[in-house]
Structures are given as structure tokens and as C-alpha cells.
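J.: Give me coordinates for this.
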Amino acid sequence: MRINSEIRVDKVRVVSSDGQQLGIISLADALAEAEKQDLDLVEVAPNSSPPVCRIMDYGKHLYQQSKKSHGLKKTQSTVQLKEIRIRPKTEEHDLQVKLRHIQRFLEQNNKVKITMMFRGREIVYADKGRQTMEDIKNRLGDICVVDQFPKREGKNMIMVLSPPKK
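T.: Numbers count the residues shown, from 1 in each chain. Okay, here's the model as predicted:
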């Protein structure tokens, strides 16, 4: 935004500090009006013809904008993608530990990417891997929603889970 002497046009459409239209006047008159009220002339719509300028306290305007953006950041929640890696030969107890981790991640409103890694000739057991992924989904029940069903990518099989919508 350009303010005061940074504005480089002859005539501007001016809106007063209380929102009243002052009409199209010369830049010098608009600056004099703003100076008389101890406020700034701020160009709010530079692309219109003639450009629209508003008489306001620019410092106060910047402060309110930063407060608004800070408030939006505070209410914004970030969703992270957590990854759990398993193998087709992962034993039952280890699988239960991984399930508890997945549950915790989902309760924290994070997405979970489950990667089953096949090494060497284990890729021939892809059906066992798919069955293990289905078993994980069934054990978690209704605390998760499947974003991406089990899909093979090279020597890995990937499934993405997310927390249910509230």
C-alpha cells in the first residue's frame, strides 16, 4: 500500500475516515484534508480509475492487520503426516506397539502413513502385506478414515489414515 507522498496520480477518489465518500479530488487537496485531520492518505484500490484512497491512521491499520493475522494463526491447527514402518514379518507384539503409536497419532489429529517395506524377495508376499494392512485398518475401527487404500509403490506398500471428521 502506498501512503501520502508515495501516491503518484493527479486525481483520486477519497473516502473519509468515517466511511463517507468525498468524491474525486486532486491529490494535493486529498493530502491537505488528511493532514488537517492528522491522519494518513492510504491508497486502498490502486487499479481502479481513479485510484481509491482512504483517510486513516496507517499505523493503527497495520496493527489491526497484524492482530487479525496473529489471531488466525492461533486458531489454525496444523496436521502433520506421521509415518509408521512395518515389514511383512513383523511379529504380533511389535504390531500391537505400532498400533498404539498409530492410535496416539490419530488422537493428536495427525495423519498416519503406514509403509510396509519389502526387502529382497519378500515382494512375493505382497498379498500377506495387503492382508496385514487390512488387519491394521480393522483393528483401529472407527477411530480412523482411510485416505489412501493400500497401494504398492516399488518395493513398498503404502496406506494413509486420517482421524475422522468431527
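J.: Report the secondary structure state of residue 44.
T.: In three-state terms, and counting by DSSP: H, G, I helix; E, B strand; the rest coil, residue 44 is strand.
J.: contacting residues around it?
T.: Listed by CB atoms under 8 Å, 6 or more residues apart in numbering, the contact partners of residue 44 are 1, 15, 52-54. In short, each C-beta sits where N, CA and C put it, glycine included.
J.: farthest pair in the residues you listed?
T.: When CB to CB is used, the two most widely separated members of those are 1 and 15, lying 14.0 Å apart.
J.: if I read this right, residue 55 contacts residue 18, doesn't it?
T.: No: with contact defined as CB atoms under 8 Å, residue 55 does not reach residue 18; the gap is 9.1 Å.
J.: between the two, who's got more neighbours?
T.: Set residue 55 next to residue 18 and count neighbours by other CB atoms under 10 Å: residue 55 wins out with 22 against 6.
J.: which strands and helices sit next to the helix or strand containing the more buried one?
T.: If you go by DSSP states H and E, residue 55 is part of strand 52-56. Here strand 52-56 touches strand 11-15, helix 27-36, strand 40-45, going by 3 or more CB pairs under 8 Å, 6 or more residues apart in numbering; DSSP states H and E.
J.: Same list, the ones you listed, but as JSON lines with distance to residue 128 and mean pLDDT please.
T.: Putting the helices and strands packed on strand 52-56 into JSON lines (distance: least, CB to CB, whole Å; pLDDT from 0 to 100) gives the following:
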{"stretch": "strand 11-15", "distance to residue 128": "70", "mean pLDDT": "88"}
{"stretch": "helix 27-36", "distance to residue 128": "75", "mean pLDDT": "86"}
{"stretch": "strand 40-45", "distance to residue 128": "64", "mean pLDDT": "86"}
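J.: deepest of the ones you listed, which one?
T.: Between the helices and strands packed on strand 52-56, the one whose residues have the most neighbours on average, counting mean count of other CB atoms under 10 Å, is strand 11-15 (a mean of 21).
J.: before we move on, back to that, tell me the helices and strands packed up against the helix or strand following the strand holding residue 55.
T.: With elements assigned by DSSP H and E, the helix or strand that comes after strand 52-56 is helix 58-75. Counting contacts by 3+ CB pairs under 8 Å, 6+ apart, helix 58-75 packs against strand 40-45.
J.: now the angle from the strand it packs on to strand 11-15?
T.: 100 degrees (axes from the mean of the first three to the mean of the last three CA atoms, to 10 degrees).
J.: what about dumping the CA coordinates of strand 40-45 to PDB?
T.: Coordinates of each C-alpha in strand 40-45 appear next as PDB, following Å, rounded to 0.1, in the frame of the first residue of the first chain:
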ATOM      1  CA  ASP A  40      -2.700   9.400   6.500                       C
ATOM      2  CA  LEU A  41      -3.900   9.100   2.900                       C
ATOM      3  CA  VAL A  42      -3.700   5.500   2.000                       C
ATOM      4  CA  GLU A  43      -4.200   4.100  -1.500                       C
ATOM      5  CA  VAL A  44      -6.600   1.100  -1.000                       C
ATOM      6  CA  ALA A  45      -7.500   0.300  -4.600                       C
END
